[in-house]
Each structure stands twice: as C-alpha cells, then as structure tokens.
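[1] next come a sequence and a model predicted from it.
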There are 2 protein chains.
Amino acid sequence: MEQGIRVAQYGCGKMSVYTMRYVQEKGARLVAAFDANPQVVGKDISEITGSGPAGVVVQDASRAEEELKRIKPDVCLVTTMSLLRDVEEALLICARNGINAITICEEAIFPWNSAPTITAEIDRLARETGCTICGTGYQDVFWGNLITTLAGATHRITKIKGKSSYNVEDYGIALAKGHGAGLSLEEFAAEIASADNISDGERQKLIDQGTFLPSYMWNVNGWLCSQLGLTVTRQTQTCVPQTCQEDLNSSTLGMTIPAGKATGMSALVVTETKEGVTIESECIGKVYAPDECDRNEWTLQGEPETQVVITRPSTVELTCATMVNRIPDVINAPAGYVTTEKMPRALYRQQSLEAYLD
Amino acid sequence: MEQGIRVAQYGCGKMSVYTMRYVQEKGARLVAAFDANPQVVGKDISEITGSGPAGVVVQDASRAEEELKRIKPDVCLVTTMSLLRDVEEALLICARNGINAITICEEAIFPWNSAPTITAEIDRLARETGCTICGTGYQDVFWGNLITTLAGATHRITKIKGKSSYNVEDYGIALAKGHGAGLSLEEFAAEIASADNISDGERQKLIDQGTFLPSYMWNVNGWLCSQLGLTVTRQTQTCVPQTCQEDLNSSTLGMTIPAGKATGMSALVVTETKEGVTIESECIGKVYAPDECDRNEWTLQGEPETQVVITRPSTVELTCATMVNRIPDVINAPAGYVTTEKMPRALYRQQSLEAYLD
Ligand SMILES: NC(=O)c1ccc[n+]([C@@H]2O[C@H](COP(=O)([O-])OP(=O)(O)OC[C@H]3O[C@@H](n4cnc5c(N)ncnc54)[C@H](OP(=O)(O)O)[C@@H]3O)[C@@H](O)[C@H]2O)c1
C-alpha cells in the first residue's frame, strides 16, 4: 500500500478524538468520516482531533453507504453505540460493500451469544463480499486476552472470577439512575433487578428475537469460553445492588446516598460449561467511596490460583489504541464476522500499520 | 497420535514432580526419565510424582543419548540448571537426534543475547535434524507475554519498567549469601556489584566467549525487544543492594540484619533501543520484611500508562504448567532454536495435548 492504510471513521464523538489521531500517528490515512449529529457534521476532522487540517469533512451518516462505496477504504472504524442493533446499520453497509469494519460496540466483542440473527446476517454478507467485520475495545485485552494469557500458565482451571469497576460519577445522570444509584434495596429490586428475573426459556426467546439486553460481561464470557475451548451449558445475568457503609455524596445525582442504600450495581454474569469450568464476571458501576478507584481484577482458580490486578486503567486510551492496533488483524483476517478470539491477540505496533499486513 | 504425545523428562528434581504429573494429566505419556543424581536414578517416576506406578525408571543421564535415540520421544523436557552452558549437553543430544526439547533453564528464554555461540550451534543441529529447541517457564508468561498483551492495548510505549521479587529466606544459605544479604553497602559493592562493573566491550567479550553470567532479566529484555520489534542499542546489568529501615531477622543466615545493611539485591537490566523505548527490569531477591510478599509488577509508560500487578504468583506451578502447555507449540514449530516470542503465546489446554497439534 503506497500511501498507507486508508481508514474511514464512523461516529465522530469522544472516542474518535483518539482513534483518528492514533490512526494518523501510525502512518495510516483518514479518508472519510461520518456522524449523525448535526453539530458534528460539516466539521473538518482536525477540529475534532485538535491536529492540523486534514481536508476530511464529517459527512452526515445518511451518506455513508454511497461514500464508502465510492471511496472504498481499507477499513471503517465504527464508534457510535453499545448494542449490536444500534451499530447494525453501519456494519451492514460495510458488509454489503466489501469494506472491513471494526467497532467498539460492547456487544460486538462476541455477539453470537446475544444477537445471533443479526450477527449471522452480517457474517453472510461479509463472506459474500470478502470483508471482515469484528468488535474490539477494552474488553478484547483486559477482559479477554489478559485472562487467556494467564490461563496459558495454568494447569487446570476450575473457576474464573472477574471484576471490573467504574465510577458512575464520571458519566451523566441517566447512567447513574440506570445503575439504581440512590434507590433503596426494595426499589432496586423492583426497578432494576426485575428485568433479569426471567426464566432461561424467556431469555432465549429474547435472544432469538434480537431484543435481549446483554450486560458487557455477557458477551465477554462467551468470548472467553470460545477462546478456552469451553462449551457453555448455561449463562445467567443478574443485577446486584452495591451499597456503602457510610453516607456518600453524589454530585451527579445532587444528593447524599444514605448508608445501606444502593450506590450503583454490579451486572453479574455466571457461565457454566460442560467441562466444569465456571466463569463469574461482574462489571460494577457505582458512586465511589473516597478511597475507591477504577480496578480490573481477575482470579483464575484451579492449579495454581493466580490473581491479576490493573489499577486505574485508562479505559478510553486503551480502548482506542486496541482498536487501531487491530486494523492490520482485521485486514489480514478471513472474510466474515470474525470475533477477535479467533485472531492473534492485539499487538503493539511500533511501525506503520501497513508493515503488519500479511 | 494414537497413544498421545510421548514425553521424556531430563532432570527429575522438584520441578519434575509437577511437569511429570501435568504431562500425564494432559493425556500425554512419559516414556523415559534421566537424572545425574545417584539417589534419584533407579526410582520409578511414580515415586517422584506420588502417583500410581508408571513403569518408567529414572536412568543415569550418561545413558540419555543412547536411550533417546532408541525411544524417539516427541519431546524432551529439560529441567536441570539455569545457565545455557549447563543445559547445553542435554539440548545438543536432542538437537543431534532430531528430538524436540523444551527447557526451563532461565537463560534459554532468549539465549541469543548472552550465549550466541552455543545457541547458534544448537540451532544449526536442530535445523539439520528437523526438530525444535526452546526455553520457556515463568518468564515466558509473566515477564513476557503478559507485558506484550498489555502492549497490544497501548498506542505509544516510551518505557517499560518491570519488577519481580522473591524471598531469599525461601532458598538456601548459598543463595542468601550470593545475594549479599547481611553485607554492609561497602562489602556489597566489593563482593557482589563488582562483577558487573565492566565496560560494554568487556561484557561483549564475555558474551562472545560464552562466559557471561546473565541475570534473569538480561534474557527477558532481549525477548521483549524481539517481540515488540525493537532494536537493542545498549544493554547493561547492575546489582543494586536492597536495604531495610528496621532490623530484620533472617533464619536462613541465622542473624539479624541491621537496618541499612543489605537484605539482598536487585539485578537491574536496562535496555536502550533505536526506537527510543527503554526497558528497565529488575529481579529482586531479598530477606522480606514482615509485610512483604512475592510480587510481579510491570508498568508500561507512554500513551496511556498501564500498571499490572500479580500478587503472590505460584511460581513453581506456573512455570511447570507453562512448560507442559508449550509442548504442542514446540512440536508444531519450525526446526531450529526457536524462542517463544516467535511462537503463539502459551495457551490453556482444556483437552489432551495432542488435540492441539497442527
Ligand atoms: N468497547 C469498549 O471498550 C468501549 C470503550 C469506550 C466506549 N465504547 C462505546 O463506544 C461508543 C462511542 O463512545 P463515545 O464516547 O465516542 O460516544 P459519543 O461521544 O456519544 O460519540 C458517538 C457519536 O456517534 C454518533 N452516532 C450515534 N449513533 C449514530 C449512528 N447511528 N450513525 C452515525 N453516528 C451516530 C453520536 O451522535 P449523537 O451525539 O447525535 O448521538 C456521536 O456523535 C459508545 O457506545 C461507548 O459505549 C466502547
């Protein structure tokens, strides 16, 4: 590739500030950008990244298919939303037109276990046109390859326990409320936890219909089982309220959360497998007590037991760097919806991205 | 392979208790065992592993070549010593006779940068006979692939700092003395640190002659640079005394180490590269203060900065599990002395080892 890898950016919000700069700093070229937000459409991407003029103007997402067909970038980075159904359109456009795509949509890391119908459709189109579609992001490394790397030093795993936390104070009020922060435990049970109080059959029906709402770890557990060669027999998801011992002030909610009330929640996913290995992983979002910070902590139980801790991970940068480091993998991968546990793990790119093409 | 992978064990000490059991539990078969110690020679290996009778008797190492030639195992596990010159004979026997070998000799993880002449000779023979020789162990995962997995989520690395520690109280008095425990700082400088007070040219001469004594991280830094695509411009090694604030009792030394005196040492290896990335890694062996425990801690500096901590790693089991999990990789690898950064990272083996052969 004479002028480096040609990249399109689909979704020009917070994450794109990093992905677009990383792409450029790794010797690739941005050739198109799309967004749905009228306040972003029309801007030169340099206004978003804060770097020198790029000559690439953000276009309205309604023009994406036409433009991508014309420009034929080597890869399209999709950073819009968190559910597969919300990035479906962008991924279908790419799949139909033979354009490789990577998204940080959280569900996309392993959508086979939550949205199999859409995933199969994207897969079918991508195989037809000969491109690769995949999901990556923070979970690819910190909830995925980090764990399977340690598993490579383990003789026999009986259980994997994972715990990752974030402060809901870092996000808006909608997220804080969605996490049940400030509710009594009774209110939490009725308003938050109830959605997952469904039978296995009901859950499967939602999954088949494409209306299931997976928590982040739902897809991660599927990814881990696939990587480790485990056969899932049952998977459940529950929302567990988090509480604090002392009253806690929340500036986002504009209130003091009394001791014993919910400060947020843990979305706990438990996976049982035919091989007898259990995976229990939880993603905890809550109003932090003064001494708490972001943590990513996993334990592999068995022979031997190993615990890994990442303190204060820089989630945004790690997500975007992983996405950009994945570009050569996605170009190199076979056609279809290829989840990253089937690719080499993400690698550091010392050189220009094109140096890593097969 | 009808009856599973056939494995020979070379060195039947503490590590072999684990490697031999792991081999059997992963569906492979032990077909020969060797040791130089007359107290071990003649034992059935089940007396070593504590499992049921195996019908395999430990033979004197002097018979290894003849026996390996006759038995032709698929792989030979070498767990005897820490320096390449001390495992050279075992590896040459394997290389000459077309038998794949894996060793946990610490230098063997990347011996190209400390014993290039022996390594090249083993490599030449292995290519001729079509087998693979490699080094693995704790460092393969915890000082190697763990770090490069995190690097895969990093945009730009400026420096990698690693620190791994062990308690010299867990080993014999010879090791404690070798680490300078109990010495004053003047004595430490004269007796311990002086060996590495040599010019780059003198060090290179030792390396070329095959008489250089690499500390563990010497080879690890070479492995990391090779994996990350970095070109080493200079590498140095120094022994730095560790001290404590309060008097410390050492049962191994049978003395109290006064505050301010050496409790042990850090072997610090600093690598500079053409690409501007620095690697500073140290292996600390000292008499622990009451609140200290084994730790493996690495920081990747750059964009972003990430820190990983493994608390209380079970080094022995992790080493042996990694070695056994590496068996399919070594059988699958091309011929020669192939360091593990050129192989897929070590993976968990849920199934029998032979299921992972290409
Ligand atoms: N996997 C991971 O590790 C990871 C990590 C961080 C973030 N994420 C996810 O990545 C996504 C983006 O994050 P962000 O912080 O960049 O969000 P953001 O700042 O809200 O940016 C998203 C941009 O995409 C636009 N958009 C939304 N739907 C669109 C569509 N259908 N077509 C075109 N543009 C659309 C948005 O417009 P409007 O403002 O008009 O909606 C907004 O400008 C989020 O879903 C987030 O959860 C994943």
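    Thanks, I have it.

[2] local confidence estimate at the residue of the stretch 1-150 of chain A found nearest the ligand?
    The minimum distance from the stretch 1-150 of chain A to the ligand, using CB to the nearest ligand atom, falls at A:Gly13 (1.7 Å). The C-beta positions use only the backbone N, C-alpha and C, and glycine is treated the same way. A:Gly13 is assigned a pLDDT of 95 by the prediction.

[3] repeat for A:Asn221
    98.

[4] contacting residues around the helix or strand hosting it?
    Using DSSP states H and E, A:Asn221 maps to helix A:216-228. Helix A:216-228 is contacted from outside by A:106-114, A:139, A:143-144, A:147-148, A:151, A:157, A:160, A:162, A:230-232, A:235, A:237, A:267-269, A:271, A:273, A:277, A:279, A:281-283, A:339-342, B:348, B:350, using CB atoms under 8 Å, 6 or more residues apart in numbering or on different chains.

[5] now go through those and say which are in helices.
    Among the contacts of helix A:216-228, DSSP state H puts A:Gln139, A:Ile147, A:Thr148, A:Ala151 in helices.

[6] which of those are buried?
    For the ones in helices among the contacts of helix A:216-228, a burial check counting by 16 or more other CB atoms under 10 Å in any protein chain shown picks out A:Gln139, A:Ile147, A:Thr148, A:Ala151.

[7] spit out the contact partners of A:Leu68.
    A:Leu68 neighbours (CB under 8 Å, 6+ apart): A:Ala8, A:Ala32, A:Cys76, A:Ile93, A:Cys94, A:Asn97, A:Ile99.

[8] returning to what we had before: ok, which pair from the buried ones among the ones in helices among the contacts of helix A:216-228 is furthest apart?
    A:Gln139 and A:Ala151 (15.9 Å; CB to CB).

[9] mind listing what the closest residue to the ligand within the stretch 251-358 of chain A touches?
    Closest residue of the stretch 251-358 of chain A to the ligand, CB to the nearest ligand atom: A:Thr319 (3.8 Å). By CB under 8 Å, 6+ apart, A:Thr319 lies in contact with A:Met15, A:Tyr18, A:Ile104, A:Gly137, A:Tyr138.

[10] let's see it at 10 Å
    Contacts of A:Thr319 were listed using CB atoms under 10 Å, 6 or more residues apart in numbering or on different chains, and they are A:15, A:18-19, A:79, A:104, A:106, A:136-142, A:313, B:153.

[11] kindly report the same for A:Ala346.
    Contacts of A:Ala346 (CB under 10 Å, 6+ apart): A:136, A:140-141, A:144-145, A:321-326, A:328-329, A:340, B:148-154.

[12] rerun at 8 Å
    Neighbours of A:Ala346 in contact, by CB under 8 Å, 6+ apart: A:Thr136, A:Asp140, A:Val141, A:Asn145, A:Thr322, A:Asn325, A:Arg326, A:Asp329, A:Thr340, B:Thr149, B:Gly152, B:Ala153.

[13] wait, the third one touches B:Gly152, no?
    Yes - under the criterion of CB atoms under 8 Å, A:Val141 lies in contact with B:Gly152, with a separation of 5.8 Å.

[14] just put the contacts of A:Ala346 in CSV and tack on distance to A:Glu121, pLDDT and neighbour count.
    Formatted as CSV, those follow (distance: CB to CB, whole Å; pLDDT from 0 to 100; neighbours: other CB atoms under 10 Å in any protein chain shown):
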residue, distance to A:Glu121, pLDDT, neighbour count
A:Thr136, 20, 98, 29
A:Asp140, 23, 98, 30
A:Val141, 28, 98, 31
A:Asn145, 27, 98, 26
A:Thr322, 26, 98, 28
A:Asn325, 28, 98, 26
A:Arg326, 22, 98, 30
A:Asp329, 23, 98, 24
A:Thr340, 20, 98, 28
B:Thr149, 32, 98, 25
B:Gly152, 30, 98, 23
B:Ala153, 30, 98, 32
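
[15] in a markdown table: the residues you listed, plus distance to the ligand.
    Output for those, formatted as a markdown table (distance: CB to the nearest ligand atom, whole Å):
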| residue | distance to the ligand |
| --- | --- |
| A:Thr136 | 7 |
| A:Asp140 | 8 |
| A:Val141 | 9 |
| A:Asn145 | 13 |
| A:Thr322 | 8 |
| A:Asn325 | 13 |
| A:Arg326 | 11 |
| A:Asp329 | 16 |
| A:Thr340 | 11 |
| B:Thr149 | 16 |
| B:Gly152 | 14 |
| B:Ala153 | 10 |
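
[16] now do the shared contacts for A:Val141 and B:Gly152.
    Residues touching both A:Val141 and B:Gly152 (CB under 8 Å, 6+ apart): A:Thr322, A:Arg345, A:Ala346.

[17] double-check that the second one belongs to a helix.
    In other words, A:Arg345. No - going by DSSP: H, G, I helix; E, B strand; the rest coil, the assignment for A:Arg345 is coil, not a helix.

[18] quick one on the thing from earlier: take the contacts of A:Leu68 and keep only those in strands.
    Cross-referencing those against strands under DSSP state E gives A:Ala8, A:Ala32, A:Cys76.

[19] I'd say the first one and A:Pro73 touch.
    Same thing as A:Ala8. Yes - counting by CB under 8 Å, A:Ala8 does reach A:Pro73; the two are 4.2 Å apart.

[20] now do the shared contacts for those two.
    A:Val31, A:Ala32, A:Ile99.

[21] looking at the residues you listed, spot the one nearest A:Gly42.
    A:Ala32 (13.9 Å).

[22] wait, what's in contact with the nearest residue to the closest one once chain neighbours are set aside?
    Excluding the flanking residues, the one nearest A:Ala32 by CB to CB, 6 or more residues apart in numbering or on different chains is A:Ala8, at 4.1 Å. The neighbours of A:Ala8, taking CB under 8 Å, 6+ apart as the test, are A:Leu30, A:Val31, A:Ala32, A:Ala33, A:Phe34, A:Leu68, A:Ile71, A:Pro73, A:Val75, A:Cys76, A:Leu77, A:Ile99.

[23] get me the contact residues on the stretch 251-358 of chain A for the ligand.
    Contact residues, the stretch 251-358 of chain A versus the ligand (CB under 6 Å from any ligand atom): A:Thr319.

[24] strands of the stretch 251-358 of chain A, start to end?
    Ranges of strands in the stretch 251-358 of chain A, per DSSP state E, counting those that start in this stretch, are A:255-257, A:262-273, A:278-286, A:295-303, A:306-311, A:336-337.

[25] the shortest one - which strands sit beside it in the sheet, and in what orientation?
    The strands beside strand A:336-337 in its sheet (DSSP bridges) come out as strand A:132-135 (parallel).

[26] dump the partner strand to CSV, keeping only the CA atoms.
    Extracted in CSV, the C-alpha atoms of strand A:132-135 (Å, rounded to 0.1, in the frame of the first residue of the first chain):
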residue,chain,number,x,y,z
THR,A,132,-14.1,-8.9,7.8
ILE,A,133,-16.3,-7.4,10.5
CYS,A,134,-15.3,-7.5,14.1
GLY,A,135,-15.7,-6.0,17.6
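
[27] buried stuff in the lowest-mean-pLDDT helix or strand in chain A?
    Ranked by mean pLDDT, DSSP states H and E, the weakest helix or strand in chain A is helix A:173-178, scoring a mean of 89. For helix A:173-178, the neighbour count (16+ other CB under 10 Å) marks A:Leu175, A:Ala176, A:Lys177, A:Gly178 as buried.

[28] and the residue nearest the centre of chain A?
    For chain A, A:Glu106 is the residue whose C-alpha lies nearest the centre (CA atoms, centre = their mean; 2.6 Å).
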